[in-house]
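J.: Only the shape, not the letters, is given here:
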RNA sequence: GCCCCUGUGGCGGAACUGGUAGACGCGACCGACUCAAAAUCGGUUUCCGCAAGGAGUGCUGGUUCGAUUCCGGCCAGGGGCACCA
């Protein structure tokens, strides 16, 4: 018997060094084997890696190592999403330059990732804040500009009137700036946009082709793009009620069938009609100002109480010019969507209903369930009843009565298209999208500069190619809020590239989503200094075969990347449409929360868990007082329920941490980090080591007449582990490996001269099966078993179908759907034979005694159900 | 508010396309080894019941020979909502 415990502290760094020296994970573009590109969403260098990273990168690494073993040329790179607000916050709070802070964090986190033993090609590493990266981004921006993919228009931002700075949504707390506490205002700024909305239809339709994406992500994106078919309708305004120049009001609706139930009109606070009317009505102006103080986030707008102001303007109903409706300015109408104006039908829309209730406006039902009569529907109606939103039949609506919703929509469209008002058709059919253009301007320092120069004479002038990159100045101060680029004494002053006159640089930088919209393409050839991408590398590696990241990126990052890839194709930087062929969204890492007797949050490291007859209790180690075990939540600094990967790797090793991360929960779901769970994983590592050291003494060669059970178990495990790895069901892989290890342990306990070689072989297979998850332990075991080379270079085992097949099956027998017994049948028995065997079974026969059998259902290889 | 997801023993979860609910692990309990402990090994562990048996996959109703799986309603928890990344 050898040294009985596996020493990960010594082994893990040793194997990492060997992989490194032999450049095992370095990828060559001229590798002739079929390619496989596996990518995990690159991290923001926030300071230290967290358990979410460990989970994400452990998963990606399993896929990468598995594909390598299956004979693919694998590309598995890593980099840093390095621009962003936290660096500027750190600069303000800690007086450290954003670049210094960022690169220090990268160094720390890179060391942490290395200690995990990931099979990454580090030679391709870059950070998006490297000028060598963002210079290509600036060039592509200019190419997009030339190709008509960029627009300049106004949009609203959160403005802090005290700090004189633009705030991100997360910096607005309860309508106030997070530092100044001042009430936030909406402000209009002229900004740069990428014209993603030109691709709405294309991005929506192409979702159908993304068959290896989670259905829910495709659904979320489809809803986000939000295609709707509707009608724009122009309503005549009662002339004496409306300001001069406003004869009509154009609205957009997807429910023209409910026109008969119209109760009011509502327009956005920044609708031209509202602005004009507000100029003449101080109370209205005050209401508009109030709407403007609500912040710009959708959630804020829609959860706010529905409020409005009656402008006194009246609109004439398109069906009946004597029917006049009030025009309100309402806080829940968005100028960005449709025409910024709607008609309200409270009986069939929740928001309209809320609004009508608050302002005592008419509510008239015009759609009823098909099975009701008009009279019944009218009798059943009340103002207090919730709006009816389902399909049905139109009533109370004159010429539309009796039509289905679809037919009524068509009838309204046909009628109003044919009528005219002020020399144009009253209505027009319109396909509308919710998706808006992508505003990329940020009034911040730590981002990629937008390579534009504003000249009074020449207007907007692109920075010439040879002058790229436009780099950020180093000498900036963060003593004051706002964009340091604006305040910089010299940086913004440049001669116009066209006329040479003094001009000024664009001081906005790009949204960091731009940085992450093409990094996967850059990884295919990060060595190209002249262009963003190289055609050969793009052709070889893209699309990404398996992309893995958090579900929180389901919409924005992924949609922007899909758009950006198309834009790159149009400008000759890529030759594909979809960047990510396979997508997997993993769940979060969550942990129990603890509070001490004073109600303060306490971290798990300061807690000892005791289990006794009263269940689990937590004790604060320092004070010895009992702590309260709170709910399980996403790990966050504020609730102190964080576990530091460094601590875990130091006390248990990288393999144990990786194994536990993958073991319990399905990867798409949240995983609860628990001390007991990690300890269990640690015990398993030692168990494997014991099995391997014992098996290493067994002979390799031998002969037997029969196939030992352990051999069958190993082959079955190869089959099931491979299948589950293909589908990223890591928790099931681990269960299968546990099973195999149990079978091997039993076989070892009863080993004979005959079974020795079979056990040794099964152990070798088991080592290969867990190698993608616990690579260091696997190498150590591989060497202990005296196998050739590295397990990282070994080919994946292949299952022998003959050894996996079962010739007899245990079949459950039900009576009336309840299991009453089992019968053992030959695997190939036909239905009649199985039925006969079920009836012949003693236990079943007794229960059937004297009762008539109505029906017998035999599902081959599954079940027998006898119905009495 | 809108969109999307999730809900199974004491706990994490398994159950392929509607076919034995609880694989595998954690915890707990009992036993072996030990002077003792740790480690390790063996056994038990959904609930009620001595048993026969019955109940059971958030709640509720439906479809089916058969529902964790499909459909309707409800409840609870989570993700996203365009300047957090």
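T.: On my side now, so go ahead. Keep in mind the model is a prediction, meaning the values are calculated, not measured.
J.: Name all residues that make contact with residue A:650.
T.: Going by C-beta atoms under 8 Å, 6 or more residues apart in numbering, residue A:650 touches no other residue. The way it works is simple: take the backbone N, C-alpha and C, and place the C-beta from them, glycine included.
J.: That one belongs to a strand?
T.: No: secondary structure of residue A:650 (DSSP: H, G, I helix; E, B strand; the rest coil): helix, not part of a strand.
J.: quick one: it from residue A:764, how far?
T.: 31 Å (C-beta to C-beta, to the nearest Å).
J.: Excluding covalently adjacent residues, which one is nearest to residue A:505?
T.: residue A:492 (4.5 Å; C-beta to C-beta, 6 or more residues apart in numbering).
J.: Report pLDDT for that neighbour.
T.: The score at residue A:492 is 94. That number is its pLDDT.
J.: what's the answer for residue A:614, then?
T.: The predicted local confidence for residue A:614 is 50.
J.: How many neighbouring residues does residue A:707 have?
T.: Burial measure for residue A:707: 13 neighbouring residues, criterion other C-beta atoms under 10 Å.
J.: Give me the nearest residue to it, chain neighbours excluded.
T.: In this structure, residue A:707 finds its nearest non-sequential neighbour in residue A:803, 6.3 Å apart by C-beta to C-beta, 6+ apart.
J.: any idea of the mean pLDDT for the helix or strand hosting that neighbour?
T.: Per DSSP states H and E, residue A:803 falls inside helix A:801-804. What helix A:801-804 shows for mean pLDDT is 86.
J.: any idea where the strands of the stretch 351-500 of chain A begin and end?
T.: Secondary structure of the stretch 351-500 of chain A (DSSP state E, counting those that start in this stretch): strands at A:367-368, A:393-394, A:420-421, A:424-425, A:427-432, A:438-439, A:441-442, A:452-455, A:459-462, A:493-495.
J.: give the contact list for residue A:837.
T.: Going by C-beta under 8 Å, 6+ apart, residue A:837 touches A:823, A:825, A:829.
J.: Pick out the lowest-pLDDT one from the residues you listed.
T.: residue A:829 (81).
J.: Surely that residue is in a strand?
T.: No: going by three-state DSSP, the assignment for residue A:829 is coil, not a strand.
J.: Skipping adjacent residues, who's closest to residue A:461 in space?
T.: In space, not counting the residues next to it along the chain, residue A:461 is nearest to residue A:453; the distance is 4.8 Å by C-beta to C-beta, 6+ apart.
J.: ok so, going back, in CSV, list the strands of the stretch 351-500 of chain A along with mean neighbour count and distance to RNA strand B.
T.: What follows is these, written out as CSV (neighbours: other C-beta atoms under 10 Å; distance: least, C-beta to the nearest atom of the strand, whole Å):
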stretch, mean neighbour count, distance to RNA strand B
strand A:367-368, 25, 16
strand A:393-394, 24, 19
strand A:420-421, 14, 30
strand A:424-425, 12, 28
strand A:427-432, 17, 11
strand A:438-439, 20, 5
strand A:441-442, 24, 5
strand A:452-455, 20, 16
strand A:459-462, 14, 18
strand A:493-495, 14, 23
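J.: Nearest to residue A:720, out of those strands?
T.: The closest of the strands of the stretch 351-500 of chain A to residue A:720 is strand A:438-439. By C-beta to C-beta, the value is 44.2 Å.
J.: Would you give the sheet partners of the closest one, along with the direction of each?
T.: strand A:185-194 (antiparallel) (DSSP bridges).
J.: who in the stretch 401-550 of chain A is up against RNA strand B?
T.: A:434-436, A:438-439, A:441-443, A:511-513, A:516 (C-beta under 7 Å from any atom of the strand).
J.: biggest separation within these, which pair?
T.: Among those, A:434 and A:443 lie farthest apart (C-beta to C-beta), at 26.0 Å.
J.: And those two? Which one has more around it.
T.: Shown here are residue A:434 and residue A:443; by other C-beta under 10 Å, residue A:443 has more neighbours (19 against 16).
J.: still on that earlier bit, now do the helix holding residue A:803: which elements does it pack against?
T.: Packing partners of helix A:801-804 (3 or more C-beta pairs under 8 Å, 6 or more residues apart in numbering; DSSP states H and E): helix A:709-726.
J.: thinking residue A:300 is in contact with residue A:294, fair?
T.: Yes: taking C-beta atoms under 8 Å as the definition, residue A:300 is a contact partner of residue A:294 at 5.9 Å.
J.: Chain neighbours aside, what residue packs nearest to residue A:396?
T.: residue A:366 (5.0 Å).
J.: and the one you found, how many neighbours does it have?
T.: Residue A:366: 25 neighbours (other C-beta under 10 Å).
J.: What residues does it make contact with?
T.: A:257-258, A:260-261, A:345, A:347-348, A:394-397, A:400.
J.: What is the distance between stretch A:20-40 and the centre of its chain?
T.: Here stretch A:20-40 is found 26 Å from its chain centre; the criterion is C-alpha atoms, centre = their mean, to the nearest Å.
J.: Does stretch A:840-852 reach RNA strand B?
T.: No: using C-beta under 7 Å from any atom of the strand, stretch A:840-852 stays clear of RNA strand B, coming no nearer than 8.5 Å.
J.: What residues sit buried inside that stretch?
T.: Neighbour-count burial for stretch A:840-852 flags A:841, A:844, A:848 (criterion: 16 or more other C-beta atoms under 10 Å).
J.: Kindly report the same for stretch A:203-215.
T.: Neighbour-count burial for stretch A:203-215 flags A:203-204, A:207, A:210, A:213 (criterion: 16+ other C-beta under 10 Å).
J.: Over to stretch A:378-388?
T.: A:381, A:387-388.
J.: What's the mean pLDDT across it?
T.: On average, stretch A:378-388 scores 86.
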